[in-house]
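> here are the coordinates; sequence isn't available:
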């Protein structure tokens, strides 16, 4: 697969601007400050898009609708950020596209972050938001879960917990570059450490300590790779071939397949961690969103 011109240009730019910056300003406080400075740079969605601040299940969220959104169909989006950073406002150039392509309302939650709120706070909020949508009358067969990076891991962990608690599961799920193994055993963490232009792998152990606060990294609700995925709904997993978390995605898909789940794994050659974030400029990112919409369409 030939990379687009945009991807070839963005790769070195990200390595210099993003990865080097995270390495230099690796504290949670500085990373959050950097993301706050980026907030005004997030492209605005079309004027026909409506974004409303809501509270669902006690959790603050953005609810995004476009003229294509059906009022009875929802995607609950769990954002990434290594459980220590992130904000729904950073996703507004993605959520309106999902709303349009999937013909849904997108609820992107602002779950609590570590280290102030370590595991299982983010999972508790994700489950509470899902239950809140059901309580508000959203039918599970018209509801899907989606997330990226830490949020992708949360999608899988939340579905396991919902299943264990006897809550009706969503119709489908999509996990982008999911972080499924906080024990950090994937070979791609080493193999792709240099080629992934986004994530500095050497900081991962410090992040895990902040997130887990002493909890077992192999707890299935923290690392769904170590759980039993039997009975989970149809799931699409997307990951870049150059992603440091490639093996988290591949091994999770293999485990789901072995458990009898319907799982589809897309490994995109040459792509890095959550390339979807550059959907405004990358053809590969736009194609990935279209693929997600195609997967969701017949499920919802």
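Nice, I can see it. The shown structure was predicted, so the numbers you read here are calculated from the model rather than taken from an experiment.
> now do the same contact list for the closest residue to residue 212 other than its chain neighbours.
Spatial nearest neighbour of residue 212, excluding adjacent residues (Cβ to Cβ, 6 or more residues apart in numbering): residue 119 at 5.2 Å. Heads up, the C-betas are built off the backbone N, CA and C, glycines and all. Taking Cβ atoms under 8 Å, 6 or more residues apart in numbering, we find residue 119 in contact with 83, 211, 212, 213, 215, 219, 221, 222.
> now a ChimeraX select for only the buried ones of these.
Selecting just the buried residues from the contacts of residue 119 in ChimeraX takes one command, with 16 or more other Cβ atoms under 10 Å as the test:
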select :83,211,212,219,221,222
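> for the contacts of residue 119, give me TSV that also has distance to residue 182, secondary structure and pLDDT.
Shown next, in TSV, are the contacts of residue 119 (distance: Cβ to Cβ, whole Å; DSSP: H, G, I helix; E, B strand; the rest coil; pLDDT from 0 to 100):
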residue	distance to residue 182	secondary structure	pLDDT
83	9	coil	97
211	7	helix	98
212	6	helix	98
213	12	coil	97
215	9	coil	98
219	8	coil	98
221	11	coil	98
222	5	coil	98
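> so which residues of the stretch 151-300 of the chain form strands?
For the stretch 151-300 of the chain, the strands defined by DSSP state E, counting those that start in this stretch occupy 172-176, 235-240, 263-268.
> winner for burial among the ones you listed?
Per-stretch averages of neighbours, counted by mean count of other Cβ atoms under 10 Å, single out strand 172-176 among those, with a mean of 28.
> coming back round to it: now distance to residue 35 and mean pLDDT too, for the strands of the stretch 151-300 of the chain, in a markdown table please.
Supplementary listing: the strands of the stretch 151-300 of the chain in a markdown table, determined by distance: least, Cβ to Cβ, whole Å; pLDDT from 0 to 100:
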| stretch | distance to residue 35 | mean pLDDT |
| --- | --- | --- |
| strand 172-176 | 18 | 98 |
| strand 235-240 | 21 | 98 |
| strand 263-268 | 25 | 98 |
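> of those, which is nearest residue 161?
strand 172-176 (13.4 Å; Cβ to Cβ).
> what lines up beside that closest one in the sheet?
Strand 172-176 pairs in its sheet with strand 143-148 (parallel), strand 235-240 (parallel), by DSSP bridges.
> to residue 3, which of those strands lies closest?
Ranked by Cβ to Cβ, the member of the strands paired with strand 172-176 that lies closest to residue 3 is strand 235-240, at 11.1 Å.
> contacts for that closest one next, please.
152, 156, 172-178, 196, 245-246, 248-250, 252-253, 256, 261-268, 270-273, 275-276, 288, 291-292, 295.
> what's the span of stretch 154-174, first residue to last?
11 Å (Cα to Cα, to the nearest Å).
> so how far is residue 50 from residue 229?
35 Å (Cβ to Cβ, to the nearest Å).
> which strands and helices lie in contact with the helix or strand of the chain with the lowest mean pLDDT?
None of the helices or strands of the chain scores lower by mean pLDDT, DSSP states H and E than helix 20-24, at a mean of 82. Counting contacts by 3 or more Cβ pairs under 8 Å, 6 or more residues apart in numbering; DSSP states H and E, helix 20-24 packs against no other helix or strand.
> quick check: what element follows that helix along the chain?
The helix or strand immediately downstream of helix 20-24 is helix 28-38, counting by DSSP states H and E.
> quick one: contacts of that following helix?
21, 22, 25, 81, 84, 85, 86, 87, 90, 115, 210.
> give the PyMOL command for selecting the buried subset of those residues.
Buried residues among the contacts of helix 28-38 (16+ other Cβ under 10 Å), as a PyMOL selection:
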select buried, resi 81+84+85+86+87+90+210
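> using pLDDT, spot the least trustworthy of the contacts of helix 28-38.
The lowest pLDDT within the contacts of helix 28-38 belongs to residue 25, with 75.
> OK, contacts around that one?
31, 33, 34.
> ok, and the most crowded of those?
Among these, residue 31 has the most neighbours (other Cβ atoms under 10 Å), with 20 neighbours.
> do I have it right that residue 215 meets residue 114?
No. If you go by Cβ atoms under 8 Å, residue 215 and residue 114 don't touch, sitting 10.7 Å apart.
> residues of stretch 133-152 that come out buried?
133-134, 138, 140, 142-152.
> turn the contacts of residue 119 into TSV, including distance to residue 11.
Putting these into TSV (distance: Cβ to Cβ, whole Å) gives the following:
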residue	distance to residue 11
83	26
211	28
212	32
213	35
215	35
219	35
221	34
222	31
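> appreciated, that's everything.
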